[in-house]
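1. The sequence and its predicted three-dimensional model are supplied below.
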Amino acid sequence: NARGPTRGPGGQPPRGGGGNLGGGRGSGEPPDLEELLQASRQRLKRAFPQRGGRSGGGGAPGIELNPRTFGLGLAGLALLWGLAGIYQIGPTYQGVKTTFGKYSGISGPGLHWRAPLIQGVTKVGVEDQRTAVIDGGDSQNLMLTSDRNIVDVSFTVNWKIKAEPPEPGQLPNAAKFVFNIEDPDSLIRNVAESAMRETIGAKQLEPILTSGQAEVVSQTTRRIQEVLDSYDSGMEVIRVNMERPDVPGSVRDAFADVIKARNEKTQMINEAERTANQIVPVAEGDAQRMVEEARAYAARVESEAIGEAERFNKIFEEYRRAKDVTKQRMYLETMEQVLGPMNKVMIDDQAGKGVVPYLPLDQLTRPKSATPPQ
């Protein structure tokens, strides 16, 4: 069976006529090493002619190369080839090494060697933090909320290559970044903008502009990382920094009125709560005091009633033992309580019978003054 011409690593035919480098064999057999060496010597003789020497056929004489000279030349080429393979990796970089285009290892910081023309190295800054900026202000960055309002959002995304070691059987993150990602800046911008639109579209405008910005940033960061992991990119989102979102200029005045009304509402609520915090404790204290006073009054009335009942029982016992004496004593005690604090005049009915006594009633009924008359 006849074989086709020998081809190079990329599928192209090697240089030279018909692929026969030795010239002494048919096209179907590989060239012999001795023939290749002889052909190289002939080329060197033609390239470096010798002055005053023999000439073959009247042409320019060539130098005669011995094996020692040829070996030194090969050694020099090998030395240059070896020196060309030395490379250095910086302290914040990793080198992704490939052999014939296929991943073959990771080079850490320091000096390393590769086989030129066979192996390649791509340096990746694994500790460099990079920033993707998504500016607002134009129609492309206007985003629609769940309540059909439009908001203008500007934010930045800080990212870097993942630092954690790969899982068993997986490529290192630096290698994933080199082989799977062609334009990382465009990728992070597109993914971040899509994630932000998805997050904004699930929320209403008011929390986005007021108290819900932290939640928007958290959900957007988590969504960006999920998409990057699905691409097996080896990239890690450090943080998302969102500037204060705003509404478009065409509706800014109207929305400012809404914000002002909302602030006034919040202020009134705060004032009402502050007033309630001042009044409620006082009212609770008054209520507690009234309850305690009522309890004390009830206890006092109950004690007095019990005492009166016991006193009545004692008087009744005495009355049963001596009715006349008890009656007389009760009558005198009652008269003492009734007539004691009153102004009164005692008239003996036995003295001056038939005579009408003169009584200065107007002076007797007049209240006594604090100071005696002069």
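-> The structure has been received and is ready for your questions. In this text, all values refer to a predicted model and were calculated from it rather than measured experimentally.
2. which non-adjacent residue is nearest Gln129?
-> Leaving aside its sequence neighbours, Gln129 sits nearest to Lys160 (C-beta to C-beta, 6 or more residues apart in numbering; 5.0 Å). Every C-beta, even on glycine, is put in place using the N, C-alpha and C of the backbone.
3. do the same with Arg130
-> Leaving aside its chain neighbours, Arg130 sits nearest to Trp159 (5.8 Å; criterion: C-beta to C-beta, 6+ apart).
4. secondary structure class for that neighbour?
-> strand (DSSP: H, G, I helix; E, B strand; the rest coil).
5. Can you name the residues that contact it?
-> 129-132, 188, 235-238 (C-beta atoms under 8 Å, 6 or more residues apart in numbering).
6. can you give me how far the host helix or strand of Ile224 is from the chain middle?
-> Secondary structure from DSSP states H and E places Ile224 in helix 213-230. Using C-alpha atoms, centre = their mean, to the nearest Å, the distance from the centre of helix 213-230 to the centre of the chain it belongs to is 10 Å.
7. what is the rounded mean pLDDT of that helix?
-> Regarding helix 213-230, the rounded mean pLDDT is 94.
8. What is the helix or strand following that helix packed up against?
-> Where DSSP H and E defines the elements, the next helix or strand beyond helix 213-230 is strand 235-242. When contacts are defined as 3 or more C-beta pairs under 8 Å, 6 or more residues apart in numbering; DSSP states H and E, strand 235-242 sits against strand 155-161, helix 184-201, helix 213-230.
9. Run through who's touching strand 235-242.
-> 129, 153-163, 173, 177, 181, 184, 188, 192, 213, 216-217, 220-221, 224-225, 228.
10. Buried only: go through those for me.
-> Neighbour-count burial (16 or more other C-beta atoms under 10 Å) applied to these gives 153-155, 157, 159-162, 173, 177, 181, 184, 188, 192, 213, 216-217, 220-221, 224-225, 228.
11. how close does Val282 get to Met290?
-> Relative to Met290, Val282 is positioned 13 Å away (criterion: C-beta to C-beta, to the nearest Å).
12. So Pro91 belongs to a helix, correct?
-> No - under three-state DSSP, Pro91 sits outside any helix and is assigned coil.
13. give me the low-pLDDT residue ranges for the stretch 51-200 of the chain?
-> Along the stretch 51-200 of the chain, segments meeting pLDDT under 70 span 51-65, 136-140.
14. domain parsing for the chain?
-> 33-83, 86-122, 129-247 (automatic domain parsing).
15. closest to Lys327 out of those?
-> Closest approach to Lys327 among these (C-beta to C-beta): domain 129-247, 86.8 Å.
16. looking at the sheet around Tyr93, what are its partners?
-> Listed beta-bridge partners, Tyr93: Gly125 (assigned using DSSP bridges).
17. for it, what are its contacts?
-> 109, 123-126.
18. for Phe155, same thing?
-> Here Phe155 is in contact with 134, 192, 196, 217, 220, 240-243 (criterion: C-beta under 8 Å, 6+ apart).
19. In JSON lines, list those along with distance to Glu206.
-> Conversion of these to JSON lines gives the following (distance: C-beta to C-beta, whole Å):
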{"residue": "Ile134", "distance to Glu206": "23"}
{"residue": "Ala192", "distance to Glu206": "24"}
{"residue": "Met196", "distance to Glu206": "18"}
{"residue": "Val217", "distance to Glu206": "17"}
{"residue": "Thr220", "distance to Glu206": "18"}
{"residue": "Val240", "distance to Glu206": "21"}
{"residue": "Asn241", "distance to Glu206": "22"}
{"residue": "Met242", "distance to Glu206": "16"}
{"residue": "Glu243", "distance to Glu206": "18"}
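20. Could you measure from the residue sitting nearest the centre point of the chain over to Glu336?
-> Closest to where the C-alpha atoms of the chain average out (C-alpha atoms, centre = their mean) is Ser218, at 5.0 Å. Look at Ser218 and Glu336: by C-beta to C-beta, they are 90 Å apart.
21. Check Ile269 too.
-> Ile269 sits 68 Å away from Glu336, taking C-beta to C-beta as the criterion.
22. Convert the helix holding Ile224 to PDB, retaining C-alpha atoms only.
-> What follows is helix 213-230, C-alpha atoms only, in PDB (Å, rounded to 0.1, in the frame of the first residue of the first chain):
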ATOM      1  CA  GLN A 213     -31.000  48.300  48.500                       C
ATOM      2  CA  ALA A 214     -29.000  45.900  50.700                       C
ATOM      3  CA  GLU A 215     -31.300  43.000  49.700                       C
ATOM      4  CA  VAL A 216     -31.000  43.900  46.000                       C
ATOM      5  CA  VAL A 217     -27.200  43.900  46.300                       C
ATOM      6  CA  SER A 218     -27.200  40.500  48.100                       C
ATOM      7  CA  GLN A 219     -29.500  38.800  45.600                       C
ATOM      8  CA  THR A 220     -27.600  40.200  42.600                       C
ATOM      9  CA  THR A 221     -24.300  39.000  44.000                       C
ATOM     10  CA  ARG A 222     -25.600  35.500  44.500                       C
ATOM     11  CA  ARG A 223     -27.200  35.400  41.100                       C
ATOM     12  CA  ILE A 224     -24.000  36.600  39.300                       C
ATOM     13  CA  GLN A 225     -22.000  33.900  41.100                       C
ATOM     14  CA  GLU A 226     -24.500  31.200  40.100                       C
ATOM     15  CA  VAL A 227     -24.200  32.100  36.500                       C
ATOM     16  CA  LEU A 228     -20.400  32.300  36.500                       C
ATOM     17  CA  ASP A 229     -20.300  28.800  38.200                       C
ATOM     18  CA  SER A 230     -22.600  27.400  35.600                       C
END
